[in-house]
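Participant: predicted model, plus sequence, below.
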Amino acid sequence: MAEENKHKDWQPEKQRMHQVIDVIKQKIAVLKERAGKLKKDVINIRTEFWDDVTVNIEEMDDKIETEASIKQQVEFLSERERSHGQVSERLSVLDRLKDSPYFGRIDFKEDGKEEKDTIYIGLATVMDEKEEEFYVYDWRAPIASMYYDYPPGPASYETTSDNISGEITLKRQYIIRNGELKGMFDTSLTIGDHLLQSVLGNQANTKMRNIVSTIQKEQNKIIRNERSKVLVIQGAAGSGKTSAALQRVAYLLYRYRETLTSDQIILFSPNPLFSSYVSRVLPELGENNMQQMTFYQFLNKQLDDQFTLENPFDQMEYYLKNNRKSNDPRITAMSYKASMPFKSLVDEFLTNLSEEGLEFRNITFRGELVIPKEAIYQFFYKLDSELSIPARLEKTVHWILRGLKQLEWMEREKDWVLEETELLDKADYVEVHETLQEELRYSEDTFNDFNREEQLLRKLVVQRKLKPLRTKIERLQFVDSLKTFRHLFIEPKWKERKNLPSNWEEICELTDVYLLRKTLLWEDAPAYIYFEKSLFGFTSNQSIQHLFIDEAQDYSPFHFELLKKIFPASRMTLLGDINQAIYAHATEEESLLSENLEEEHERIVLKRSYRSTAPITRFTKEFMDNGHLIEAFERDGELPTVFEASQRRTIEDKIIETIQEYLNKGYETIAIIGKTIEECESIHKKMKKRMPLHFINHESHTFNRGIVVIPAYLAKGIEFDAVIIPDASIDHYKDELERNLFYTACTRAMHELSMFTRKEPCRFIKEVPASYYKHYKIFHIKSGQHDT
Ligand SMILES: Nc1ncnc2c1ncn2[C@@H]1O[C@H](COP(=O)(O)OP(=O)(O)OP(=O)(O)O)[C@@H](O)[C@H]1O
């Protein structure tokens with residue numbers, strides 16, 4: 001920037017910035033020394049661990065002393081390791097601050113005070129050398145919230161105990177890179193479009209970036225919300241839902257740093273690729289990543305190993321292949337089984353099990369029947385019916401275990417036991433011998449030593465043999481929950497209810513076939529887990545304090561009920577976009593984002609879409625019902641293009657040519673987004689000979705720069721510089737869920753979007769005014785193009 005064009009405060013600001021950077025550098029030097037020392041300590045403790053421990057295990061007292069000595073040493077080591085970890089984390093934050101210590105400033109005059117405060121805002125707090133004055137405020141500090149919420153003029157912020165009001169007299173933004181002041185502007189907006197324009201104009205990245213320097217006012221509301229137990233965010237594609245969620249995690253970890261840790265927060269992500277895509281944001285902000293998992297991983301963990309759980313993406317593929325068939329039982333089941341009416345049916349079924357119908361298993365030991373299932377049934381149903389099923393099962397466990405105790409006494413006398421004592425190893429004999437010695441300390445009677453030893457050996461053998469059975473009983477494996485659940489789909493009493501789908505009979509048959517195979521279809525998993533946990537009792541997870549569900553439109557209220565039961569203490573942040581609902585069960589009424597969600601909640605709507613250029617957003621919003629609610633962020637770019645050609649080979653050539661153009665423009669992440677995995681496989685197979693392509697399936701955990709081929713449902717949540725839709729023909733994207741899938745695919749594009757069709761373009765493209773895109777019909781690629 002020429003000197004004469006620079007801001008009037010350029011010099012003093014530059015000077016101050018260097019002063020702050022110098023302080024940061026000094027702090028880095030001090031911390032590096034500390035880190036070095038701590039590292040040395042850790043290495044020393046590890047190498048000399050056993051020198052400092054007094055090991056003596058001859059006598060009981062010595063044993064206890066040895067244990068205490070080891071414990072002390074371990075504690076000392078972990079304390080040093082922890083300190084080293086903390087210092088390293090702080091060092092990496094300071095390292096980032098050294099390159100860019102702050103990005104904003106507000107001058108604030110509090111009501112009733114003479115002086116104004118100058119507040120510089122950055123990634124983390126920096127104090128002066130004496131640790132008295134703030135050089136930089138952490139962006140999450142209460143006072144910093146005004147930077148995001150207000151233009152110059154009256155403003156206020158909340159502390160934990162107070163509401164402070166006053167006036168912002170100046171609001172300034174800085175671009176500081178590698179320790180150099182590159183730009184500086186005073187702004188009258190909340191966060192000036194100027195800076196946002198430049199951030200959004202950058203290339204897409206294979207890892208998501210933090211947005212703290214340009215958080216928008218409506219996003220800040222989400223980030224700092226502390227009131228709501230359930231916070232629902234409906235946001236257009238690219239409106240910053242995921243970004244806001246991640247900055248919210250960072251905010252909560254800062255705000256509640258005394259009581260909240262990152263492992264008490266879970267984020268449900270749409271696919272494994274997404275998990276790695278967002279993995280850098282929190283470390284960049286100096287925080288540890290929260291727990292992250294897909295809903296599939298979560299449900300799989302809730303099931304024992306007896307089941308094979310279908311992957312949701314396989315369900316999706318089934319849907320996409322069969323959705324044109326009328327009355328396909330699986331397709332109907334996908335929506336019905338995720339619905340609240342189905343939950344009510346399961347609840348009714350559970351209530352009935354309170355009276356009758358639970359299936360039990362025989363209890364056998366060494367091939368012999370010990371307690372027949374009928375006896376368990378009788379015992380269970382004679383218990384007070386006011387008690388819940390889990391409470392009655394607990395009593396049944398005690399009853400069975402008492403029976404096993406009697407069995408143990410009887411078995412001890414049997415011949416097989418004596419035979420097995422001979423197979424015991426030396427350590428067992430030593431153990432029995434020690435018990436005997438212990439008994440003798442309190443008894444003078446040594447006459448029956450031999451008998452007593454045999455008794456102890458027999459006891460040991462029988463107890464050991466019974467242990468696995470006991471464990472199974474304690475784990476309620478004597479209840480046949482699968483067989484019980486099947487009644488719901490077999491017994492006329494349940495099958496012939498009112499208000500069931502018309503093809504319920506077929507659905508029941510199909511469900512039972514899979515249950516018998518111990519395969520849980522994706523649509524059956526939530527209901528089965530809910531059912532089983534209702535029987536056995538929800539072992540609720542009290543430690544999780546915040547649950548974030550990204551792409552919440554893909555969860556049904558039934559899923560939500562399950563999550564609430566499993567995480568009763570947790571606050572929930574549900575983020576999604578109803579326009580991107582791509583699962584058969586996710587309709588507007590049955591979505592977690594629905595305004596009719598019964599749960600008391602606060603709702604925030606994000607309308608502005610930041611990811612794509614304005615021409616792309618204008619194009620995509622045209623074919624969505626509620627598209628008029630989406631606002632494009634004004635960023636210039638090329639119009640989307642549609643290329644139509646009748647020959648496959650021509651289309652392939654044109655795709656290659658387009659990709660080449662994109663590469664020449666400097667785009668680094670380019671995605672060919674298909675509808676199904678089959679379509680993607682076929683494109684990959686044909687085109688990989690002509691250019692390097694990476695194929696992404698549901699097992700992919702990362703993606704690199706370059707050209708990827710990916711189905712739309714796996715591209716959720718991710719973005720690319722340029723997107724190619726290889727087949728946008730009339731017969732390829734048709735029904736309403738395919739509309740959402742098409743929308744999801746198109747909205748992955750930041751800068752360029754091109755679509756290819758072999759026939760007429762799909763009806764969604766045709767719903768867009770012709771002036772919003774360029775339509776080319778290609779007759780011969782070599783002889784040129786015809787603009788229609
Ligand atoms: N305040 C902001 N400042 C800078 N960039 C932003 C801001 N908000 C969003 N973005 C950018 O917009 C893009 C989309 O953001 P994000 O992925 O969080 O949106 P989303 O609503 O989760 O999208 P989708 O639902 O389509 O997956 C990202 O590149 C993100 O960095």
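Facilitator: It's in. Quantities reported herein were computed from a predicted structural model and do not represent experimental measurements. Numbers count the residues shown, from 1 in each chain.

Participant: give me the number of residues near the nearest residue to Ser543 once chain neighbours are set aside?
Facilitator: Take Ser543 and drop its neighbours on the chain: the residue closest to it by Cβ to Cβ, 6 or more residues apart in numbering is Gln264, 5.8 Å away. Bear in mind the C-beta positions are built from the backbone N, C-alpha and C, glycine included. Using other Cβ atoms under 10 Å, Gln264 is surrounded by 20 other residues.

Participant: list the contacts for Gln264?
Facilitator: Counting by Cβ atoms under 8 Å, 6 or more residues apart in numbering, Gln264 makes contact with Ser543, Ile544, Gln545, His546.

Participant: do that again at 6 Å, thanks
Facilitator: By Cβ atoms under 6 Å, 6 or more residues apart in numbering, Gln264 lies in contact with Ser543, Ile544, Gln545.

Participant: from Asn288, how far out is it?
Facilitator: Distance from Gln264 to Asn288, counting by Cβ to Cβ, to the nearest Å: 11 Å.

Participant: so what are the domain limits for this structure?
Facilitator: Following the TED database, one gets these domains for the chain: 9-180, 372-441+448-475, 614-777.

Participant: quick one: Cys762 and Tyr733 touch, right?
Facilitator: Yes - contact criterion Cβ atoms under 6 Å: Cys762 and Tyr733 qualify, at 4.2 Å.

Participant: hey, what's in contact with both of the two?
Facilitator: Here Cys762 and Tyr733 have no joint contacts, going by Cβ under 6 Å, 6+ apart.

Participant: tell me which residues in the helix or strand encompassing Val462 are buried?
Facilitator: Counting by DSSP states H and E, the element that carries Val462 is helix 449-474. Residues 452-454, 456-462, 465-466, 469-470, 473 are the ones in helix 449-474 that count as buried (16 or more other Cβ atoms under 10 Å).

Participant: so what's the residue in the chain that the ligand sits nearest to scoring on pLDDT?
Facilitator: With Cβ to the nearest ligand atom as the measure, Gly240 is the residue of the chain nearest to the ligand, at 3.0 Å. pLDDT for Gly240: 95.

Participant: burial count for it?
Facilitator: Burial of Gly240 is recorded as 25 neighbouring residues (other Cβ under 10 Å).

Participant: which one is it nearest to, not counting chain neighbours?
Facilitator: That would be Gln219: by Cβ to Cβ, 6+ apart, it lies 5.3 Å from Gly240.

Participant: repeat that for Asp512.
Facilitator: Phe489 (5.0 Å).

Participant: what does Glu506 give?
Facilitator: Pro329 (4.0 Å).

Participant: and the gap between that neighbour and Trp504?
Facilitator: Distance of Pro329 to Trp504, given as Cβ to Cβ: 9 Å.

Participant: swap in Gln463?
Facilitator: Counting by Cβ to Cβ, the gap from Gln463 to Trp504 is 50 Å.

Participant: elements contacting the helix or strand hosting Ile119?
Facilitator: Take DSSP H and E as the rule and Ile119 turns out to sit in strand 117-122. In terms of contacts (3 or more Cβ pairs under 6 Å, 6 or more residues apart in numbering; DSSP states H and E), strand 117-122 is packed against strand 104-110, strand 134-138.

Participant: and for Lys665, the neighbour number?
Facilitator: Count around Lys665 with other Cβ under 10 Å applied: 12.

Participant: show me what contacts it?
Facilitator: With contact set as Cβ under 6 Å, 6+ apart, Lys665 has no partners.

Participant: show the pLDDT at it.
Facilitator: Looking at Lys665, its pLDDT is 94.

Participant: would you map the strands across the stretch 151-300 of the chain?
Facilitator: For the stretch 151-300 of the chain, the strands defined by DSSP state E, counting those that start in this stretch cover 153-158, 163-177, 180-186, 230-235, 265-269, 291-294.

Participant: please work out which of the domains of the chain is packed deepest.
Facilitator: Comparing the domains of the chain by mean neighbour count (mean count of other Cβ atoms under 10 Å), domain 614-777 comes out on top with a mean of 19.

Participant: how about the residues of the stretch 551-700 of the chain near the ligand?
Facilitator: Contacts of the stretch 551-700 of the chain with the ligand, taken as Cβ under 6 Å from any ligand atom, map to Asp577, Tyr610, Arg611.

Participant: need the contact list for the first one.
Facilitator: Just to be clear, that refers to Asp577. Applying Cβ under 6 Å, 6+ apart, the residues contacting Asp577 are Gly235, Ala237.

Participant: cutoff 7 Å now
Facilitator: Gln234, Gly235, Ala236, Ala237, Gln553 (Cβ atoms under 7 Å, 6 or more residues apart in numbering).

Participant: now the third one: how far from Arg608?
Facilitator: According to Cβ to Cβ, Ala236 stands 7 Å off from Arg608.

Participant: gap between stretch 713-730 and the chain center?
Facilitator: 22 Å (Cα atoms, centre = their mean, to the nearest Å).

Participant: ok, stretch 257-267 next?
Facilitator: Worked out by Cα atoms, centre = their mean, stretch 257-267 lies 14 Å from the chain centre.

Participant: so for stretch 608-620, mean pLDDT?
Facilitator: Computed over stretch 608-620, the average pLDDT equals 96.

Participant: start to end distance for it?
Facilitator: 13 Å (Cα to Cα, to the nearest Å).

Participant: give me the contact list for that stretch.
Facilitator: Here stretch 608-620 has contacts from 200, 236-240, 630-640, 719, 743, 746-747, 749-751, 753, 768, 772-773, using Cβ under 7 Å, 6+ apart.

Participant: residues of the stretch 101-250 of the chain that sit close to the ligand?
Facilitator: So the stretch 101-250 of the chain meets the ligand at 196, 199-200, 209, 211, 214-216, 219, 235, 237-243 (Cβ under 6 Å from any ligand atom).

Participant: hmm, 5 Å instead?
Facilitator: Val199, Ile211, Thr214, Gln216, Gly235, Ala237, Gly238, Ser239, Gly240, Lys241, Thr242, Ser243 (Cβ under 5 Å from any ligand atom).
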